[in-house]
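> how would this look folded up:
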Amino acid sequence: MNVESQIKIGQADLWVGKWEGVNIFLVRTGVGKNCALNALEKVLLRVNPSLILSIGYAGGLNPKLKVGDVFLADKVLEINPASNAVRNHSLDLKQLELLDELNLSKKIVVHRGALITVDQVVDDTLVKQELGLRFNALAVDMETAVLIEHANEKKIPFLSVRAFSDTVEQSLVNVSSFIDSNGRVSKLKAGWYAMTHPRRIKQFISLRGQSQQATRNMTDFLEVFMRAYRQFE
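Below you'll find the model as predicted:
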């Protein structure tokens, strides 16, 4: 992306520029539903986009999914932790037709399916397995449900593209305590945790490498998508 300007909107960061000839407003919202929704609401007061494209990492809920695989949500479920009630947020499947026709590199493996949005990090492999089986879902994240709900209210087309940073077999360090009110990981808290839990350092290093792989594959996917979207527009 060729960045023309950078703006602070509340606690979110906004970059304005172009990629593959497409005008882009790139927003870093922070982790969690509240941060994501607040950022989107503020950005939509300034711009009127032709598409909201939600990108980021997801946790895998099925053994067939590998780190770095790309995931396209065709259904988004939101679980209420208090009542265990489930809300189904509708997606315009016509938007996914463009993604199905992309000419992608063979190294990029793409999956479609249901995405679950939760309120906290799912760090336990048994919980991941249960979520996947119970809801017939492939991925879990912490933001998409509120974004698509707001996009639907505003009648703006919406797509979600995620890359898997961890698999269903992998238990994670629960980083919920590291995330501040702005949805950012506190380096101080994370560093203190690493110092007081030295056996966990390998997990941090492993997740960092996996996240980098996921980022590379997602970026390659999006580059092809931007070229196609420019023609589609």
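
> contacts, neighbours, all on C-alpha from now
OK.

> how about the helices in the protein?
33-44, 93-100, 125-135, 144-153, 187-196, 201-232 (DSSP state H).

> which residue ends up closest to the midpoint of this structure in space?
Gly56 (2.9 Å; Cα atoms, centre = their mean).

> beta partners for the nearest residue to that one once chain neighbours are set aside?
Using Cα to Cα, 6 or more residues apart in numbering and skipping the chain neighbours, the partner closest in space to Gly56 is Arg162 (5.0 Å). Counting by DSSP bridges, Arg162 forms beta bridges with Gly56, Phe71.

> separation between Arg162 and Arg87?
In this view, Arg162 and Arg87 are 20 Å apart by Cα to Cα, to the nearest Å.

> Single out the most deeply packed of the helices of the chain.
The highest average neighbour count among the helices of the chain, using mean count of other Cα atoms under 10 Å, belongs to helix 144-153 at a mean of 20.

> Not counting that helix itself, show me its contacts.
Outside helix 144-153, the residues that touch it by Cα atoms under 8 Å, 6 or more residues apart in numbering are 33, 36-37, 40, 52, 54, 76-78, 89, 91, 116-117, 157-158, 160.

> related to what we said a few turns ago, surely the residue nearest to the centre of the chain meets Leu159?
No. In this structure Gly56 lies outside contact range of Leu159 using Cα atoms under 8 Å: 11.9 Å.

> Count residues in the vicinity of Asp123, would you?
Counted with other Cα atoms under 10 Å, the neighbours of Asp123 add up to 18.

> worst-scoring helix or strand of the protein, pLDDT-wise?
helix 187-196 (a mean of 60; mean pLDDT, DSSP states H and E).

> how many other residues sit next to the nearest residue to Leu93 once chain neighbours are set aside?
Distance criterion Cα to Cα, 6+ apart; nearest residue to Leu93, sequence neighbours excluded, is Asp74 at 6.7 Å. Residues near Asp74, counting by other Cα under 10 Å, number 19.

> And Pro63, by the same measure?
12.

> Chain neighbours aside, what residue packs nearest to it?
Counting by Cα to Cα, 6+ apart, the residue nearest Pro63 is Val168, at 6.1 Å.

> hang on, the one you found packs against Gly59?
Yes. Shown here, Val168 and Gly59 form a contact pair, counting by Cα under 8 Å, at 7.1 Å.

> Share the number of residues neighbouring Gly30, please.
23.

> no no, Ser105
Using other Cα under 10 Å: Ser105 sits among 11 other residues.

> quick one: pLDDT of Glu4?
At Glu4, the pLDDT value in this model is 95.

> Disregarding residues adjacent in the polypeptide, which is nearest to it?
In space, Glu4 is closest to Gly17, 4.9 Å off (Cα to Cα, 6+ apart).

> wouldn't the one you found be in contact with Ile7 here?
No. Using Cα under 8 Å, Gly17 is not in contact with Ile7; the gap is 11.6 Å.

> sorry, back to before: in the contacts of helix 144-153, which residue is surrounded by the most others?
Ile116 leads the contacts of helix 144-153 on contacts (other Cα under 10 Å) with 29 neighbours.

> Contacts only, for it.
Val76, Leu77, Glu78, Ile79, Ala137, Ala139, Val140, Asp141, Ala145 are the contacts of Ile116 under Cα under 8 Å, 6+ apart.

> Give me the pLDDT for the residue nearest to the centre of the chain.
92.

> The residue nearest to Gly68 when sequence neighbours are not counted and Lys106: what is the separation?
Spatial nearest neighbour of Gly68, chain neighbours left out: Ala214 (4.0 Å); criterion: Cα to Cα, 6+ apart. Computed as Cα to Cα, the Ala214 to Lys106 distance reads 15 Å.
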